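# I'd like to go over a predicted model; first the sequence, then the structure.
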Amino acid sequence: MSSIFLACDNIYIITFNKYKNKMNFLRALYFNKLVNRLNKNLKIGQKSYLAFFLVSVMILLFSLYTLYSYSVLKKRDVLMQNIYAMNHDNLSLIVLLEQQYSFFETRSIEKIKSNNEKISEIIKRLNKTIHEVQNEISSSELNLQKLENSINQIKSLSIFDPAIMNQVSSLDENQLNSLGLKLRDEIFELQLANEKFNQYSSRIKAETDKIYSHKNILILIFLGSGILGSIIIANFISYRITDPIEKLKDNIKILEQGDYNLDDKFEVLDNDEIGDIANGIERIGHTIRETVFFTDKIGENEFDTELNLNKSGKLASALLLMRDKLKAITEQNEIQKQQEEKRNWVIKGLADLGNILRSNFNDIDTMYFDILKTIINYIGATQGGLFIIHEKDNKQILELSACYAYDRRKYLSKEIEIGEGLVGQCALEKQITNLTEIPDNYLQIASGLGGSNPKNLILVPLILNKEIYGVMEIASFKIFDKHQIEYLEQSAESIASTVSSMQINITTKALLEKTQIQAEEIASSEEEMKQNMEELQATQEESQRKIEQLEMLLEEARMSQIKE
């Protein structure tokens with residue numbers, strides 16, 4: 001584990017400045033792709049666990065690296081203490097060896113032996129320290145090979161050989177001189193090795209200080225990375241959770257106001273619970289949009305509009321039921337409106353006809369023509385005739401009193417007996433005759449109108465109080481509607497009433513004229529009788545006078561007889 005961390009430190013130190021910008025770019029690019037991929041595929045709970053895991057890993061790595069750094073630095077401290085001890089022992093050894101060399105020159109054998117114990121003690125201590133340093137060097141991965149070579153060179157000096165030191169007392173002068181020269185050479189080599197050792201010690205110290213500095217930098221980097229990671233996670237929570245929730249809340253407020261124009265900038269990129277809620281809100285907005293569109297179309301009476309919602313849902317079922325009910329109500333209202341329009345049409349037609357019927361006509365034939373013309377033009381018929389019952393030779397006949405065809409008055413003269421043809425049969429049965437299948441030339445022969453063969457022929461009896469007054473015959477190239485037939489029926493009754501009134505007026509006028517003639521005749525007779533009475537009275541008075549004269553004569557005669 002320590003070797004791994006140490007290698008990471010060295011790699012970081014070497015490549016940090018060179019690849020800093022490139023690494024930042026690659027790290028940002030990879031992190032962005034990774035975050036987007038995780039956002040799309042993880043739920044909120046999984047994202048929270050992942051964030052907690054990443055923070056925990058960062059804390060764990062920081063803790064492990066801190067422990068590792070403490071362990072490495074502790075070993076470095078031990079190594080430096082041993083190096084300082086070796087340096088001190090090397091200096092002491094050099095001093096003792098210098099003394100030993102002077103002892104060789106003075107041939108102070110006792111001092112040589114006495115000093116040899118000190119040298120042996122220092123060598124023993126150096127061997128122990130060298131062994132510890134070698135263990136530290138072999139267990140570390142810093143470049144201490146040169147220091148190790150210097151220590152091995154010091155160990156290889158013959159001065160550290162106890163056998164040689166023990167033979168000093170038995171050596172002759174030449175041997176002592178030779179050994180002194182070797183000792184001098186070894187002192188010189190030891191001094192050179194000690195200088196190199198000091199250089200390497202300084203280098204190790206510098207490297208240790210550099211490691212301390214790098215460790216502090218890396219700790220700060222780890223700490224900064226932890227803070228940055230926390231900021232990134234907080235930003236992640238804010239951007240990927242809090243911000244979408246705020247936008248969802250805004251869209252919900254829009255829906256609460258009954259609007260469906262949601263925030264178009266809010267794009268749902270995640271497959272987590274927020275994405276599900278956003279998709280649900282979008283579906284609700286779509287439902288409201290379709291509902292508004294559907295209700296607008298229904299309000300415009302476009303009842304065939306399709307509802308693009310789930311037909312099995314309660315809202316769709318209620319909307320479809322509403323549409324069907326409104327459609328039925330609208331159709332019923334339309335029927336009632338049409339019926340009302342037809343009733344108004346009938347009433348208006350009857351009112352126009354009533355104005356004509358109430359007019360004073362000097363010519364009855366002109367009145368009949370105006371009546372027939374008004375009716376034919378009002379119902380859009382082609383031709384028609386008005387037959388009125390008259391007395392002829394003590395029997396009733398139907399006389400064509402008015403004829404109108406193709407916007408022109410026709411002067412025709414026809415008389416039909418009751419029961420003869422369609423007109424006579426209609427008068428006899430006192431029932432409306434409505435024909436839609438008329439054989440060719442049948443109308444010309446049977447109806448008495450002549451002309452082209454129509455598609456619809458209707459004969460309406462003029463009846464008032466079960467009394468027949470005539471027949472109205474109307475022909476058209478179109479089929480008569482029910483309200484048109486109703487208009488003809490009511491018009492026939494009004495015409496019958498007018499004809500009845502006119503006939504009564506004619507009869508009354510005739511009777512009045514007859515009565516006046518009779519009254520004049522009676523008045524003339526009375527005058528003649530009066531004259532006769534006066535003449536009779538004068539005759540009676542003359543007779544009375546003559547009778548009185550006769551009586552007087554008789555009285556005179558009687559008196560004369562009596563006197564005689």
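Yep, that arrived.
# Look at Thr305 and give its secondary structure.
Three-state assignment for Thr305 (DSSP: H, G, I helix; E, B strand; the rest coil): coil.
# distance of the spatially closest residue to it that is not a sequence neighbour from Phe303?
Excluding the flanking residues, the one nearest Thr305 by Cβ to Cβ, 6 or more residues apart in numbering is Lys297, at 3.9 Å. Glycine gets a C-beta too; all of them are placed from N, C-alpha and C. Separation of Lys297 from Phe303 (Cβ to Cβ, to the nearest Å): 8 Å.
# tell me the mean pLDDT for the helix or strand encompassing Lys249?
Applying DSSP states H and E as the criterion places Lys249 in helix 243-256. The average pLDDT for helix 243-256 rounds to 73.
# what does stretch 187-200 give?
71.
# just stretch 54-72 next, same as before
Rounded to a whole number, the mean pLDDT of stretch 54-72 is 74.
# Then stretch 294-302?
80.
# again, but for stretch 87-101
Regarding stretch 87-101, the rounded mean pLDDT is 74.
# what does stretch 458-472 give?
The pLDDT scores in stretch 458-472 average 92.
# Look at it and report the distance between its end residues.
Taking Cα to Cα, to the nearest Å, the span from the opening residue of stretch 458-472 to its closing residue is 8 Å.
# which residues touch that stretch?
The contact list for stretch 458-472, computed with Cβ atoms under 8 Å, 6 or more residues apart in numbering, reads 372, 375, 384-389, 398, 401, 422-423, 426-427, 429-435, 447, 473-475, 480, 485, 488-489, 491-493, 495-497, 499-500, 503.
# List the buried residues for that stretch?
458-464, 468-472 (16 or more other Cβ atoms under 10 Å).
# residues touching the closest residue to Ala402 other than its chain neighbours, list them.
Of all residues beyond its chain neighbours, the one nearest Ala402 is Tyr368 (3.8 Å), with distances taken as Cβ to Cβ, 6+ apart. The contact partners of Tyr368, taken as Cβ under 8 Å, 6+ apart, are 386, 388, 401-402.
# could you dump whichever helix or strand Tyr368 is part of to CSV, C-alpha only?
According to DSSP H and E, Tyr368 maps onto helix 364-379. Output of helix 364-379 as CSV, limited to C-alpha atoms (Å, rounded to 0.1, in the frame of the first residue of the first chain):
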residue,chain,number,x,y,z
ILE,A,364,-114.0,38.6,-55.6
ASP,A,365,-112.1,36.9,-58.4
THR,A,366,-109.1,39.2,-57.7
MET,A,367,-109.2,38.3,-54.1
TYR,A,368,-109.2,34.6,-54.9
PHE,A,369,-106.2,35.1,-57.2
ASP,A,370,-104.3,37.1,-54.6
ILE,A,371,-104.9,34.4,-52.0
LEU,A,372,-103.7,31.7,-54.3
LYS,A,373,-100.7,33.7,-55.5
THR,A,374,-99.6,34.5,-51.9
ILE,A,375,-99.8,30.8,-50.8
ILE,A,376,-98.0,29.5,-53.9
ASN,A,377,-95.2,32.0,-53.6
TYR,A,378,-94.8,31.5,-49.9
ILE,A,379,-94.4,27.8,-50.0
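# Downstream of that helix, the next helix or strand is which one?
Remark: after helix 364-379, the chain's next helix or strand is strand 383-392, criterion DSSP H and E.
# which strands and helices sit next to the one helix or strand Tyr70 maps to?
Element membership of Tyr70 [criterion: DSSP H and E] is helix 44-106. Where contact means 3 or more Cβ pairs under 8 Å, 6 or more residues apart in numbering; DSSP states H and E, helix 44-106 is packed against helix 2-15, helix 20-41, helix 109-139, helix 145-156, helix 173-237.
# can we see that at 7 Å?
helix 2-15, helix 109-139, helix 173-237 (3 or more Cβ pairs under 7 Å, 6 or more residues apart in numbering; DSSP states H and E).
# Lowest average confidence across the ones you listed, which one?
Per-stretch mean pLDDT for these is lowest at helix 2-15 (a mean of 43).
# Any regions of the stretch 401-550 of the chain where pLDDT drops low?
Within the stretch 401-550 of the chain, the ranges that satisfy pLDDT under 70 run 407, 410-411, 439-452.
# Give me the helices and strands touching the helix holding Lys249, please.
If you count contacts as 3+ Cβ pairs under 7 Å, 6+ apart, helix 243-256 packs onto helix 273-299.
# could you give the angle of the helix it packs on to helix 44-106?
Counting by axes from the mean of the first three to the mean of the last three Cα atoms, to 10 degrees, helix 273-299 points 160 degrees away from the direction of helix 44-106.
# Ala519: which of the buried residues of stretch 458-472 is nearest?
Checking the buried residues of stretch 458-472 against Ala519 by Cβ to Cβ gives Tyr469 as the nearest, at 31.0 Å.
# State the distance from that closest one to Gly421.
Tyr469 is 18 Å from Gly421, where distance means Cβ to Cβ.
# Check Glu290 too.
From Glu290 to Gly421 the distance is 66 Å (Cβ to Cβ).
# and what of Arg358?
Arg358 is 33 Å from Gly421, by Cβ to Cβ.
# Repeat that for Asn456.
Distance from Asn456 to Gly421, by Cβ to Cβ: 18 Å.
# Neighbour count: those two, which is higher?
The neighbour count for Asn456 versus Gly421, taken as other Cβ atoms under 10 Å, is higher for Asn456 (20 against 16).
# Give the bridge partners for that one, please.
For Asn456, the beta-bridge partners under DSSP bridges are Ser476.
# quick one, the helix or strand containing Glu551 and helix 364-379 angle?
For Glu551, the element it lies in under DSSP H and E is helix 482-563. Relative orientation of helix 482-563 versus helix 364-379 (the same axes, to 10 degrees): 160 degrees.
# Does anything pack onto helix 482-563? Which helices or strands?
The contact analysis (3+ Cβ pairs under 7 Å, 6+ apart) places helix 482-563 against helix 314-357, helix 364-379, strand 456-464, strand 467-476.
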